[in-house]
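Participant: compute the structure for the input listed below.
(one chain, ligands or ions: 1)
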Amino acid sequence: MNSPTPPQLNTPLQKVSESPKPADAQKVKKKSAPAETFYITTAIDYVTDLPHIGHAYEKTAADILTRYWRRRGRNVFFLTGTDEHGLKVAQAAQKKGQEVREFVENIALKYKATWSAIEIKYDNFIRTTDPEHEKYVQQFVQKLYDMGEIYKDRYQGLYCVGCEEYKTVSELLPGNTCSVHKTLCQAVFEDVYFFRLSKYQEKILDIIQSGKMLVEPVERRNEIISFLTKQPLQDLAMSRSKVSWGILVPWDTSQTIYVWIDALLNYITGSRGNWPPSLQLIGKDIFRFHCIIWPALLMAMGYELPRKILIHGFLTINGERISKTTGNTIDPLQIVKMYGVDPLRYFLFREVPFGQDGDFSVDRFEKRYKSDLANDLGNLVQRVLTMAVKYNIKWEYKTITKPFHQIDQAIEDLKFDKALELIWDMITESNQKIDLEKPWQLENNPKKLTEIISQLLQTLSQIAFQIDPFMPETSWAIIEQLKSRKAYVIFPRKNK
Ligand SMILES: [Zn+2]
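Facilitator: Here you go, the predicted model:
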């Protein structure tokens, strides 16, 4: 191990410096320590984009897990935030005629407001322009420099500003065009600093193959393994000489730190002493940064690695990639305004298995709203409550704590669609039971009537409990009705 002692940090980050441990200590810790905090991270969003439904997808997944594990009694720490440095941001601010600090401030506020509107309850929102973060990033790279992990050399090659990434010709389309952005890459010729990424090639391969750092799903894991076995890793240019909107390289202030190094370190600076991450959710476009550069930086410092990295697919809209240029972004707030928060949260995870690419179609969203929410769940709640009141069934709401192992297992395996399907099976069965038993025909058999409706009330409590991580407002509304015995419509029908 290169460095058993993490860098000295200022007070708010002090805990972080104590927490990351050399990999050797990992084994010892695993045996004796109590259940560690479930520390979950999402990608921090680049502030050139306004929050759209694709961003909401990943944050909601993290929120579901946060609520689930918290309910299971585990300490949870959920980190999200915004990525605010780099040339692309400076250019976007300039386009708008705004001072860059003002520009990033405004967009960070928009992200916070959106997450608050869709019930994303994070524990910390990190901004890479936070002074504590900037200071830590400088200390981190200084330490790498002092250890000989960084050297100066000439960089000659191509750079895509859209990706904020150096490109090799083999990755590009003809004419040095970025395959993601379809724009011409800049020829870059500058003296910059390099991180010795190449020397970690075998180690990175080992941690992924051995599962020391789990990478899921398996297709992505195989993709990285194949990438790492096919070609030698290049050292990473970790500074830029001509980008001023960034964190200064501490020993050479004519340069700024590469925005990806800056961004990756948010997982440490935002962690408030919770280390290592239990689960890091990221999109498939940035998995190389997270599965190659990120563990290499941590290993260089001797820090414990994240337990698991989950790479999810993209959400498309009506089959097309969400993009500002094609103008097909959907603001989650618009949907929330029309339908409420929970239908959005429900739809995002019911339609498509989490991890795969999924499509958001307004048409299918409306169908699901009508059939699954208004008809199945909404009707059930109203029917049961109305009958309970009408037949004067004695009933007292009790908080459910009984787990349903299959549903729990599905959530823990990140199979959210499966969990929702199991919950909806309960809903369907209850509706069928009402249709079959016809309680309204049992007024001359009060014992059976009471039994059936009591069972249905019990199932409603169970459903309210189970949907809570996915649909917290609906869960609350059902419990309210069970307590007050006053039925009201939770998913009003939309006339279109
Ligand atoms: Zn690009």
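Participant: residues contacting residue 490?
Facilitator: Applying CB atoms under 8 Å, 6 or more residues apart in numbering, we find residue 490 in contact with 377-378, 381, 474, 477-478. Where C-beta positions appear, they are placed from N, C-alpha and C, glycine not excepted.
Participant: where along the stretch 151-300 of the chain do the strands fall?
Facilitator: Taking DSSP state E, counting those that start in this stretch, the strands of the stretch 151-300 of the chain run over residues 165-167, 186-195, 214-216, 236-237, 239-240, 248-249, 252-257, 279-283.
Participant: worst average pLDDT in the ones you listed?
Facilitator: Among the strands of the stretch 151-300 of the chain, strand 165-167 carries the lowest mean pLDDT, at a mean of 87.
Participant: bridge partners for residue 320, pull those for me.
Facilitator: Beta-bridge partners for residue 320, by DSSP bridges, are residue 317.
Participant: before we move on, the earlier item: now tabulate the strands of the stretch 151-300 of the chain in TSV and tack on mean neighbour count and distance to residue 487.
Facilitator: Formatted as TSV, the strands of the stretch 151-300 of the chain follow (neighbours: other CB atoms under 10 Å; distance: least, CB to CB, whole Å):
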stretch	mean neighbour count	distance to residue 487
strand 165-167	20	55
strand 186-195	17	62
strand 214-216	19	42
strand 236-237	20	60
strand 239-240	25	61
strand 248-249	20	62
strand 252-257	17	58
strand 279-283	22	38
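Participant: these: which one's closest to the ion?
Facilitator: strand 165-167 (6.7 Å; CB to the ion).
Participant: is that closest one positioned near the ion?
Facilitator: No. Using CB under 5 Å from the ion, strand 165-167 stays clear of the ion, coming no nearer than 6.7 Å.
Participant: got a list of contacts for stretch 443-461?
Facilitator: For stretch 443-461, using CB under 8 Å, 6+ apart, the contacting residues are 380-381, 384, 387-388, 391, 393-395, 397-398, 400, 426, 429-430, 433-434, 437, 439, 442, 478-479, 482.
Participant: pull out the buried positions in it.
Facilitator: Buried residues in stretch 443-461, counted by 16 or more other CB atoms under 10 Å: 449-450, 452-453, 456-461.
Participant: and stretch 387-395, by the same measure?
Facilitator: 387-388, 391, 393, 395.
Participant: one step back: which of the contacts of stretch 443-461 are buried?
Facilitator: Using 16+ other CB under 10 Å, the buried ones in the contacts of stretch 443-461 are 380-381, 384, 387-388, 391, 393, 395, 397, 400, 426, 430, 433-434, 437, 439, 442, 478-479, 482.
Participant: show me the domain layout of the chain.
Facilitator: 11-317, 363-484 (automatic domain parsing).
Participant: could you tell me the least trusted of those domains?
Facilitator: For the domains of the chain, where the average pLDDT is lowest is domain 11-317, sitting at a mean of 91.
Participant: residue 339 contacts residue 369, doesn't it?
Facilitator: Yes. Residue 339 is within contact range of residue 369, at 6.1 Å (criterion: CB atoms under 8 Å).
Participant: joint contacts of these two?
Facilitator: residue 494.
Participant: quick one, which of these two is more surrounded?
Facilitator: The neighbour count for residue 339 versus residue 369, taken as other CB atoms under 10 Å, is higher for residue 369 (23 against 19).
Participant: give me the residue from the stretch 1-150 of the chain nearest the ion.
Facilitator: Per CB to the ion, residue 88 is where the stretch 1-150 of the chain lies closest to the ion, at 9.8 Å.
Participant: SS state for that residue?
Facilitator: helix (DSSP: H, G, I helix; E, B strand; the rest coil).
Participant: could you check how many residues crowd around it?
Facilitator: 21.
Participant: cool, the one 10 residues further on as well?
Facilitator: For residue 98, the number of neighbouring residues by other CB under 10 Å comes to 14.
Participant: excluding chain neighbours, what is closest to it?
Facilitator: Closest residue in space to residue 98, ignoring its immediate chain neighbours: residue 106 at 7.8 Å, by CB to CB, 6 or more residues apart in numbering.
Participant: packing partners of the helix or strand harbouring that neighbour?
Facilitator: Taking DSSP states H and E as the criterion, residue 106 maps to helix 100-117. Where contact means 3 or more CB pairs under 8 Å, 6 or more residues apart in numbering; DSSP states H and E, helix 100-117 is packed against helix 53-71, strand 76-83, helix 87-95, strand 124-127, helix 332-339.
Participant: return the most buried member of the ones you listed.
Facilitator: strand 76-83 (a mean of 24; mean count of other CB atoms under 10 Å).
Participant: strand partners (parallel or antiparallel) of it?
Facilitator: Sheet pairing for strand 76-83, assigned by DSSP bridges, gives strand 38-41 (parallel), strand 45-46 (parallel), strand 124-127 (parallel).
Participant: would CSV of those with distance to residue 75 be doable?
Facilitator: Supplementary listing: the strands paired with strand 76-83 in CSV, determined by distance: least, CB to CB, whole Å:
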stretch, distance to residue 75
strand 38-41, 7
strand 45-46, 26
strand 124-127, 14
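Participant: closest one to residue 84 among those strands?
Facilitator: strand 124-127 (5.8 Å; CB to CB).
Participant: how far off centre is the closest one?
Facilitator: Remark: strand 124-127 is offset 13 Å from the chain centroid, using CA atoms, centre = their mean, to the nearest Å.
Participant: of all the helices and strands packed on helix 100-117, which one comes closest to residue 114?
Facilitator: Nearest to residue 114 among these is helix 332-339 (6.1 Å), distances taken as CB to CB.
Participant: what packs against that closest one?
Facilitator: Applying 3+ CB pairs under 8 Å, 6+ apart, we find helix 332-339 packed against helix 53-71, helix 100-117, helix 341-350.
Participant: got CSV for those, with distance to residue 181 too?
Facilitator: Formatted as CSV, these follow (distance: least, CB to CB, whole Å):
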stretch, distance to residue 181
helix 53-71, 16
helix 100-117, 20
helix 341-350, 26
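Participant: got those helices as JSON lines, with distance to the ion columns?
Facilitator: Formatted as JSON lines, the helices and strands packed on helix 332-339 follow (distance: least, CB to the ion, whole Å):
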{"stretch": "helix 53-71", "distance to the ion": "17"}
{"stretch": "helix 100-117", "distance to the ion": "20"}
{"stretch": "helix 341-350", "distance to the ion": "26"}
